[in-house]
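A.B. asks: 3D model of this:
(chains A and B)
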Amino acid sequence: MTAMCDVAFLLLSFFILATKFKPPEALTVATPNSVSSKVAPDKNVVLITMDKDGKVYFSVSDGNPSEKRDVIDAVNTAKNLGLTDAEKKNFVNNPSAYIGVPFSQLKSYLDKAPEDVKNLVVAGIPVTDTLNNELIDWVHAAVGAFQGSKMNLLVKGDNAAKYPAFDGVVYAFKKNDQLKFQLVTNPVGAPPGSELDKVQAATGSKSSEQ
Amino acid sequence: MAEMDTSGGGHKKKGPGVKKSKKQSTRVDLTPMVDLGFLLITFFIFTTTMSQPTAMKLNLPKDVEKPEDQNKLKESAAFTVMPSRANMVYYYEGLDPSKLQQSTFKQIRDIILDKKRRTDPKDFMVIIKPTKDATYKNAVDMLDEMKIDDVKRYALVNISPDEYKFVEATETANGVK
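C.D. replies: You can find the predicted model right below:
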């Protein structure tokens, strides 16, 4: 009994210490699996999210408030949105500011209080139409804001998102000459007996990056 | 630990006016604490996230205007795969989409490996053209398949209307919705 108790509490303390609580995510996205073993970066991230309906959202990591500020400023000037300082602050200070509205609704979207935004059904940034791909402007603003530092362009898509949405995102990257980006995935091991498995066994490394 | 004497009668009196002090047992019942411990363990096991998300690198070729600037591709070495709806994969060898064949994600690995064995490794190239009915997962799975099969050259390309017609025709013929 005492021994079991000891083990139980040892486990308990381990899990308490090992747990890292995830901040509640505004968007639930089930990412696809891949054999890639490189951990996704979490600094200087510009994240494009696609939800299960193929709606596209744009966000900048919280660690970069000044870049966030630059992005919203650049978008404001480029698109003549007439955002007030309060609206810009709303974007910069909101820790999980996912922008998922067309430019025409951006002003009223940023006017809303955070608790109203939570349950709001948004349209997503239009990307599927090549003539009206608004993500191009967002990525352009982000490239300008991250000038001089390394920008990590991440795409996090849901399993069920349709391919045209992804194609629209890629199109927006290409238009901005952003040809290197990363897809957020869930790690899985290489299938046993596959070519990659043999390569990994031969080189003795677990990495799938070449 | 001292046991309490509960037998009735027969005990000595310490003296007149001295009450027998009851000795309480010092053993504490640990069961509720252990219960709580296990409850917390279960909670933390379920909430903990062990695996961090990983990222898959994807480099795109730059769009070139002139056809002569584009990479040359040998017809015999080209292999086109087109993931489409209902997790089906259509593929053809060479550059003629009318030779379309049908497959699934399970079988495509052997087909790719078979083609790879038959082709000069320095020319072999897989072209991935997801149709508009494919999901994002299908596209990523296909890119992942390239890594699993150790295919060095592959490209993600937009499907041409001609090819899509062939895929659609095959789908209607097979009743895939």
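A.B. asks: and the biggest helix by length in chain B, which residues are buried?
C.D. replies: If you go by DSSP state H, chain B has its longest helix at helix B:31-47. By 16 or more other CB atoms under 10 Å in any protein chain shown, the buried positions in helix B:31-47 come out as B:37, B:38, B:40, B:41, B:44. Yep, even glycine has a C-beta here, placed from its N, CA and C like the rest.
A.B. asks: of those, which are in range of chain A?
C.D. replies: B:37, B:38, B:40, B:41, B:44 (CB under 8 Å from any CB of the partner chain).
A.B. asks: closest to residue A:194 among the residues you listed?
C.D. replies: residue B:44 (35.0 Å; CB to CB).
A.B. asks: setting aside sequence neighbours, what's the nearest residue to that closest one?
C.D. replies: Setting aside the residues directly before and after it, residue B:44 is nearest to residue A:15 in space (CB to CB, 6 or more residues apart in numbering or on different chains), at 3.4 Å.
A.B. asks: so which strand or helix has that neighbour?
C.D. replies: helix A:2-18 (DSSP states H and E).
A.B. asks: and that helix, what's its mean pLDDT?
C.D. replies: In this model, helix A:2-18 has a mean pLDDT of 84.
A.B. asks: what sits up against that helix?
C.D. replies: For helix A:2-18, the external contacting residues (CB atoms under 8 Å, 6 or more residues apart in numbering or on different chains) are B:30, B:33, B:34, B:37, B:38, B:40, B:41, B:44, B:45, B:48, B:50.
A.B. asks: and stretch A:130-147, by the same measure?
C.D. replies: A:44, A:46, A:48, A:56, A:58, A:60, A:64, A:67-68, A:70-72, A:74-75, A:78-79, A:99, A:102-103, A:125-127, A:151, A:153, A:168-169, A:171-173, A:175-176, A:178.
A.B. asks: quick one, what contacts residue A:81?
C.D. replies: A:75, A:103, A:106, A:107.
A.B. asks: run a quick neighbour tally on the last one.
C.D. replies: In terms of burial, residue A:107 registers 15 neighbours under the definition other CB atoms under 10 Å in any protein chain shown.
A.B. asks: in the sheet, who's paired with the residue nearest the centre of chain A?
C.D. replies: The centre of chain A sits closest to residue A:47, judged by CA atoms, centre = their mean, with a distance of 3.0 Å. Going by DSSP bridges, residue A:47 is paired in beta bridges with residue A:59, residue A:154.
A.B. asks: distance of residue A:132 relative to residue A:185?
C.D. replies: 29 Å (CB to CB, to the nearest Å).
A.B. asks: so those two - more neighbours on which side?
C.D. replies: residue A:185 (23 against 11).
A.B. asks: so that one sits in a helix?
C.D. replies: No - counting by DSSP: H, G, I helix; E, B strand; the rest coil, residue A:185 is not found in a helix; it is strand.
A.B. asks: residues contacting it?
C.D. replies: If you count contacts by CB under 8 Å, 6+ apart, then residue A:185 has A:31, A:32, A:33, A:34, A:36, B:53, B:54, B:55, B:56, B:140, B:144 around it.
A.B. asks: pLDDT below threshold where in the chain?
C.D. replies: In the absence of a named chain, this looks at chain A. Applying pLDDT under 70 to chain A flags residues A:20-27, A:94-97, A:113-120, A:195, A:203-210.
A.B. asks: I was after chain B.
C.D. replies: B:1-20, B:49-52, B:62-74, B:175-177.
A.B. asks: quick one: the strands in it, in order.
C.D. replies: Listed in chain order, the strands of chain B (DSSP state E) span B:54-59, B:78-83, B:88-93, B:101-104, B:125-128, B:154-156.
A.B. asks: list the residues that contact the residue positioned nearest the centre of chain B.
C.D. replies: The centroid of chain B falls nearest to residue B:141 when counting by CA atoms, centre = their mean (8.9 Å). With contacts defined as CB under 8 Å, 6+ apart, residue B:141 is in contact with A:32, A:33, B:83, B:105.
A.B. asks: go ahead and confirm residue A:57 touches residue A:48.
C.D. replies: Yes - when contacts are counted by CB atoms under 8 Å, residue A:57 is listed as touching residue A:48 (7.2 Å).
A.B. asks: with neighbour numbers in mind, choose between the two.
C.D. replies: Higher neighbour count among residue A:57 and residue A:48: residue A:48, with 27 against 22, using other CB under 10 Å.
A.B. asks: burial of the residue nearest to the more buried one when sequence neighbours are not counted, as a residue count?
C.D. replies: In this structure, residue A:48 finds its nearest non-sequential neighbour in residue A:155, 5.0 Å apart by CB to CB, 6+ apart. Using other CB under 10 Å as the criterion, residue A:155 is surrounded by 24 other residues.
A.B. asks: same check, this time on residue A:16
C.D. replies: The number of residues packed near residue A:16 is 13, by other CB under 10 Å.
A.B. asks: state the distance from it to residue A:60.
C.D. replies: Residue A:16 is 32 Å from residue A:60, by CB to CB.
A.B. asks: residues in a beta bridge with residue A:39, which ones?
C.D. replies: residue B:54.
A.B. asks: now the nearest residue to residue A:78 once chain neighbours are set aside, what's its secondary structure?
C.D. replies: Once flanking residues are discounted, residue A:78 sits nearest to residue A:137: 5.9 Å by CB to CB, 6+ apart. Secondary structure, three-state DSSP: residue A:137 is helix.
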